[in-house]
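Colleague: Would you be able to build a 3D model of this:
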Amino acid sequence: MKKYSVVIIGILLVSLASCREKNKYTSPTDDELARDVLYYRMTTDYLWNKLMPDVKKEDYPDPYKLLEAMRYKELDRWSFVQDYDEYMQQSMAIFVGHGIRIGLDENNQTRIAQIYSTAPMHEKGVRRGWIIKKLNDVELAPIFIRNDGEAYNALIGPSQAGVTNTFLFEMPDGTDTVITDTKTSFTLNTVIHYDTLELKTGTTGHIVFEQFIPPSNAEFEETFAFFEQNNINNIIVDLRYNGGGDLSVLQNLGAHIAGSSKFGTPFLKMTYNEQQKSRNRTMNFSTVKSSVNVDKMIVITTRNTASASEDLINGLKPFMEIQTIGDTTNGKPVGMNGYTYLQKYIFWPITFTVLNTDNESDFYKGFAPEKYVPDDITCDWNNRNETCLKEAIYLLENGSVSSKGEYKYRKPTIFSEGERPDNAYMIEK
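Modeller: Numbers count the residues shown, from 1 in each chain. Next up, the predicted model:
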């Protein structure tokens, strides 16, 4: 009996092992489930869904790698996957850091290229154009000269509250000062600067604007109430670091500039792929409290001027004279819808094309300026000797640029703080 029992038990064990092998199942990970959701969105909603590479989604472990494999690389430089919490902070204008952008000038000196006025360092007196000689006793210029972002990030530390750095500045008067600052969380301002300029052609509004996010709307009201009170007749809009953002914010800015007579009239059109054409729509100029009715708009641009910034130019072209100064823009006439997965990821595939009321949209090569002018980070925004502002003023007052000349493009070395996408983006919610 014992012999038979052993045999039977052995057969049962083999049988159970065989069943387990046949029924082997591993639950998909969150990354794999997110990948599957992205795959579905790309096949149904992606603007170029008929032109994507043919891929097997199971070959890719997460949505980041899948998106890169599916992207229509001939035109799409922008679709991306973003951490959900990062997006929420960005959309609410929550920033963690010193609130600065640092660049290398044409004399190989590192300077403050931008600083938020709500940042603690701004309260300590730091301004755009200040030279940074050393960061934590390390000379900063050599890092920027070799474009070593990794060394810069290691030196300035992570985007976390409590990280402290010491800067040796040379101020505009030539004297040195040491400032120690601790990274903190604060609400950033997107209207970096605004003022008016008294020119031969009359009072001109001047606004420096960084990104299209919902909190910008309140800043527009303050800025354009000031412009309205000062009866401006032209406007200079500085979008050199503006990579885009929310279409509804673009809609509001367009209305502030175009004037009350345009409220409710067509501004931009969104067209989707054939499967999604029921989503096509026209976006009208918003109704806003304060607005101006200008004859001419000069826009200061760089290759970082993209997406919603470019559609401000394209969208207002049918309604006023627009000229640009600086460098050719990014060339992104398309936008994105966001798709959330479990408050872990948000997917931003390109889903629509944006046209103006004259059905113009094909500016993939960007908008070339009237004159190529390098980004001058040696001066603060209100300094009329700042190269781009100076040329914009000349163009307004004289009707033409100061001289054509030649400008050889030199990609500026500018490092930003914070975890934000490098992509130009324009979103519709």
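
Colleague: so how many other residues sit close to F415?
Modeller: Per other Cβ atoms under 10 Å, the neighbour tally for F415 reads 20. Any C-beta I mention is one placed from the backbone N, CA and C, and that applies to glycine too.

Colleague: Let me see the contact set for it.
Modeller: Going by Cβ atoms under 8 Å, 6 or more residues apart in numbering, F415 touches 101-103, 144, 149, 152-153.

Colleague: Please tabulate the residues you listed in CSV, including the columns neighbour count, distance to G125 and pLDDT.
Modeller: Shown next, in CSV, are the contacts of F415 (neighbours: other Cβ atoms under 10 Å; distance: Cβ to Cβ, whole Å; pLDDT from 0 to 100):
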residue, neighbour count, distance to G125, pLDDT
R101, 20, 17, 95
I102, 25, 17, 96
G103, 21, 19, 95
F144, 24, 23, 95
G149, 12, 27, 91
Y152, 17, 23, 95
N153, 13, 26, 94
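
Colleague: Point out the ones among those that are inside strands.
Modeller: Of these, the ones assigned to strands by DSSP state E are 101-103.

Colleague: Now flag whichever of those is closest to Q82.
Modeller: R101 (20.2 Å; Cβ to Cβ).

Colleague: Chain neighbours aside, what residue packs nearest to the closest one?
Modeller: Q114 (4.0 Å; Cβ to Cβ, 6 or more residues apart in numbering).

Colleague: how about the one you found, secondary structure?
Modeller: Assigned by DSSP: H, G, I helix; E, B strand; the rest coil, the conformation of Q114 is strand.

Colleague: Please look at I156 and N165 and confirm they touch.
Modeller: Yes - between I156 and N165 a contact is recorded at 6.0 Å, counting by Cβ atoms under 8 Å.

Colleague: So for these two, which residue has more residues nearby?
Modeller: Set side by side, I156 and N165 show more neighbours around I156, with 22 against 17, by other Cβ under 10 Å.

Colleague: Could I get the phi/psi values of that one?
Modeller: phi -80, psi -20 (degrees, to the nearest 10).

Colleague: contacting residues for it?
Modeller: When contacts are counted by Cβ under 8 Å, 6+ apart, I156 is found next to 98, 135, 165, 417.

Colleague: Report the separation between it and K183.
Modeller: Using Cβ to Cβ, to the nearest Å, I156 is found at 9 Å from K183.

Colleague: which neighbours do those two share?
Modeller: Common contact partners of I156 and K183 (Cβ under 8 Å, 6+ apart): 98, 165.

Colleague: related to what we said a few turns ago, what residues do I156 and N165 have in common as contacts?
Modeller: Contact criterion Cβ under 8 Å, 6+ apart; residues shared by I156 and N165: 98, 135.

Colleague: Can you find the helix or strand of this protein with the lowest average pLDDT?
Modeller: Counting by mean pLDDT, DSSP states H and E, the chain has its least confident helix or strand at helix 2-22, which shows a mean of 41.

Colleague: what's downstream of that helix, the next helix or strand?
Modeller: helix 30-44 (DSSP states H and E).

Colleague: what is the rounded mean pLDDT of that next one?
Modeller: Throughout helix 30-44, pLDDT has a mean value of 96.

Colleague: C-alpha coordinates for it, CSV please?
Modeller: Presented in CSV, the C-alpha positions along helix 30-44 are these (Å, rounded to 0.1, in the frame of the first residue of the first chain):
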residue,chain,number,x,y,z
ASP,A,30,0.8,49.8,-13.7
ASP,A,31,3.3,50.8,-16.4
GLU,A,32,2.1,48.1,-18.7
LEU,A,33,-1.6,49.1,-18.2
ALA,A,34,-0.6,52.8,-18.8
ARG,A,35,1.2,51.7,-21.9
ASP,A,36,-2.0,49.9,-23.2
VAL,A,37,-4.1,53.0,-22.5
LEU,A,38,-1.6,55.2,-24.4
TYR,A,39,-1.6,52.7,-27.3
TYR,A,40,-5.4,53.0,-27.6
ARG,A,41,-5.2,56.8,-27.6
MET,A,42,-2.5,56.9,-30.2
THR,A,43,-4.5,54.6,-32.6
THR,A,44,-7.7,56.6,-32.2
